[in-house]
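Predicted model, plus sequence, below.
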Amino acid sequence: MNNKATTVILTAVLVLLAGVDAANAKPKPTPARLQSNLIELTFKSRVINREKIDLGAPGGSLGDMVIGNGEVLDLNDYVIGGVEYQGIVTHLTPMTEQRWLQSEYFFGDGTDSILMEGAEEFETPSGLPVPNRPQMFAVTGGTGKYFGASGQCSATRPDGLNFVTKCQFSAIRPPRK
């Protein structure tokens, strides 16, 4: 093949890859951009069911799990949803364990939810967060009005199995039809 033919073929491939209509040399139409909005959300939660599962050597060891669920409450202590979570021990020290935690907080009928995950430090042998020490988690997704959520939340355990969570995240606002 000569250089001119190679150039034409290469140009045609680049045009197709760039999303251009080769016949009219115009960009293909794209859907309206998705817009995001910043959401600040503060709520309480209370663990109802919690189970520690010792999967390795007796006592704290890598791979041990904590699973459970609970209620999500507004700041006036009215139940507004629920939470489901699981944590896996990934690192041990003499006084603490690091745990990878995944949680889903859902609101109302469950249509609106946020997903959080990250690794944080927990006390041993209780497996509970240190009281009044904020733990930071990434918001990795959401549903309903929190569709496509991305950001972070700080969860603090003031006492017992009660938590206060403060979040800042962006959620995608799909274009109007």
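Looks like it came in fine. Numbering: from 1, shown residues only.

check contacts around the most centrally placed residue in the chain.
Nearest to the geometric centre of the chain sits residue 140, at 2.5 Å (CA atoms, centre = their mean). Neighbouring residues of residue 140 by CB atoms under 8 Å, 6 or more residues apart in numbering: 115-117, 149-150. Glycine gets a C-beta too; all of them are placed from N, C-alpha and C.

Also residue 77?
Taking CB under 8 Å, 6+ apart, one finds residue 44 in contact with residue 77.

Okay, and it sits in which element?
Using DSSP states H and E, residue 77 maps to neither a helix nor a strand.

hey, which strand is longest across this structure?
strand 35-53 (DSSP state E).

any chance of the contacts of residue 140 in JSON lines, plus secondary structure, distance to residue 77 and neighbour count?
Listed next are these as JSON lines, based on DSSP: H, G, I helix; E, B strand; the rest coil; distance: CB to CB, whole Å; neighbours: other CB atoms under 10 Å:
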{"residue": "115", "secondary structure": "strand", "distance to residue 77": "24", "neighbour count": "18"}
{"residue": "116", "secondary structure": "strand", "distance to residue 77": "21", "neighbour count": "27"}
{"residue": "117", "secondary structure": "strand", "distance to residue 77": "26", "neighbour count": "17"}
{"residue": "149", "secondary structure": "coil", "distance to residue 77": "25", "neighbour count": "26"}
{"residue": "150", "secondary structure": "strand", "distance to residue 77": "29", "neighbour count": "15"}
